[in-house]
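Participant: Below are the sequence and a predicted model for it; my questions follow.
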Amino acid sequence: MPRIAVIRFPGTNGDLDVVHVLRNVVKVDTELIWYDDYKHGIYDAVVIPGGFSYGDWLRAGAIAARSRAMGEVVMDAEDGVPVLGICNGFQILVETGLLPGALLPNDPPRFIARWIWVRINDVKTPFTKLYEPGEVISMPIAHGEGRYFIDSIDETRAVFTYFGENPNGSVASIAGIANYDGNVLGLMPHPERSAESVLVPRRFIAGGLKLWLSLKESLRGGW
Amino acid sequence: MSNATSRYLVHVAIVLKGSRDPEGETIHRSLVITNGYNSVNRVISGKYLGFLVESRSEMEAIKYIEELCMKARIYNPTVHKLLVLGVEGA
């Protein structure tokens, strides 16, 4: 049975939500690991959840990105292990250099916490395999530094784009990107908070569930 | 050259180099123009850091901190540039 690691940094706060969804909704073997104890080569997939690692000091994700644990995650990523970064996890992956570009303070400059719609542009990743190409889903966002920026969007693989509005001023409305191989994916919306219908407000859908089911399916049968 | 070192305080700022600066724009619009300081064309926001360092000279202290900021990724070269604001004996 595949084993998934969920890494907790000082200041991470989305870890228990991810563990809950993986263990109780998707039903996969999941281990919550303190960042200093993380070692590469053990797990079949890695999730870096959201929160405020190191209090977002310097820049969101900048200090966690320089930790020994992220060096281990880079080795996993280079071995083809699926690595998912959600919100602050996405910021950490960008600061580590596993994903290109940068995440800047929102434009307009304010913290945003609400549900939005997102379009799936790329289903050839282990996290989007079960979505339809072009499918539009809803998930919540909650961030202050989610404005994705890159000099040329040709350099990135925009897996998720905001649909109907661009809440934070991201280049090309980008909400989430993958690396060239597709095994490393980061996104600002929270699929762990949109995997069960009981959590979904009226007029929205539990759009995150298929991301977790895709990961489970991909770990069994490839992508 | 003497090997004797002194303490220097190197002042740097990290600022955006090309993308929009909504914090600076908001300060400009809401605090500067609103208060009638119409001669100010733009406000640039950034993050200040000061490094207290042992070094043999001011120039060496600046070079040391510039290298540190680049290698430790104190700024993200995709979007930021480092401004050395000054150096003083400390």
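Facilitator: Good, I have the coordinates.
Participant: Surely residue A:105 touches residue B:24?
Facilitator: No - counting by C-beta atoms under 8 Å, residue A:105 does not reach residue B:24; the two are 10.6 Å apart. Heads up, the C-betas are built off the backbone N, CA and C, glycines and all.
Participant: Looking at these two, which one has more neighbours?
Facilitator: Ranked by neighbour count (other C-beta atoms under 10 Å in any protein chain shown), residue A:105 and residue B:24 place residue A:105 first, with 23 against 18.
Participant: what about the nearest residue to that one once chain neighbours are set aside, which SS state?
Facilitator: Sequence neighbours aside, residue A:145 is the residue nearest to residue A:105 in space, at 5.1 Å (criterion: C-beta to C-beta, 6 or more residues apart in numbering or on different chains). Here residue A:145 is recorded as coil under DSSP: H, G, I helix; E, B strand; the rest coil.
Participant: was I right about residue A:145 contacting residue A:62?
Facilitator: No - Residue A:145 is not in contact with residue A:62 according to C-beta under 8 Å; the separation is 10.4 Å.
Participant: Tell me the residues of chain B that contact chain A?
Facilitator: Selection of chain B residues close to chain A by C-beta under 8 Å from any C-beta of the partner chain yields B:16, B:18-20, B:22-23, B:26, B:47, B:72-74, B:76, B:78-79.
Participant: Turn those into TSV, columns for pLDDT and neighbour count.
Facilitator: Output for these, formatted as TSV (pLDDT from 0 to 100; neighbours: other C-beta atoms under 10 Å in any protein chain shown):
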residue	pLDDT	neighbour count
B:16	94	22
B:18	83	11
B:19	84	18
B:20	89	15
B:22	90	20
B:23	90	17
B:26	91	16
B:47	96	13
B:72	92	11
B:73	92	17
B:74	95	21
B:76	91	21
B:78	87	17
B:79	92	21
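Participant: Inside strands: which ones of those?
Facilitator: When those are checked against strands (DSSP state E), the matches are B:16, B:47.
Participant: for the residues of chain B next to chain A, which one is nearest residue A:200?
Facilitator: Proximity of the residues of chain B next to chain A to residue A:200 (C-beta to C-beta) peaks at residue B:22, which lies at 30.6 Å.
Participant: Can you give the contact residues for whichever helix in chain A runs longest?
Facilitator: As assigned by DSSP state H, the longest helix anywhere in chain A is helix A:209-221. Residues outside helix A:209-221 that contact it (C-beta atoms under 8 Å, 6 or more residues apart in numbering or on different chains): A:2, A:4, A:21-22, A:25-28, A:44-45, A:82, A:84, A:125-131, A:137, A:191-192, A:194-196, A:223.
Participant: Make a ChimeraX selection of the buried ones in the residues you listed.
Facilitator: Filtering these down to the buried ones (16 or more other C-beta atoms under 10 Å in any protein chain shown) takes a single ChimeraX command:
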select /A:4,21,22,25,26,28,44,45,82,84,125,126,127,128,129,130,131,137,191,192,194,195,223
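Participant: so of the contacts of helix A:209-221, which ones are in strands?
Facilitator: A:4, A:45, A:84, A:137.
Participant: Let's have those residues in JSON lines, adding pLDDT.
Facilitator: Conversion of the ones in strands among the contacts of helix A:209-221 to JSON lines gives the following (pLDDT from 0 to 100):
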{"residue": "A:4", "pLDDT": "98"}
{"residue": "A:45", "pLDDT": "98"}
{"residue": "A:84", "pLDDT": "98"}
{"residue": "A:137", "pLDDT": "98"}
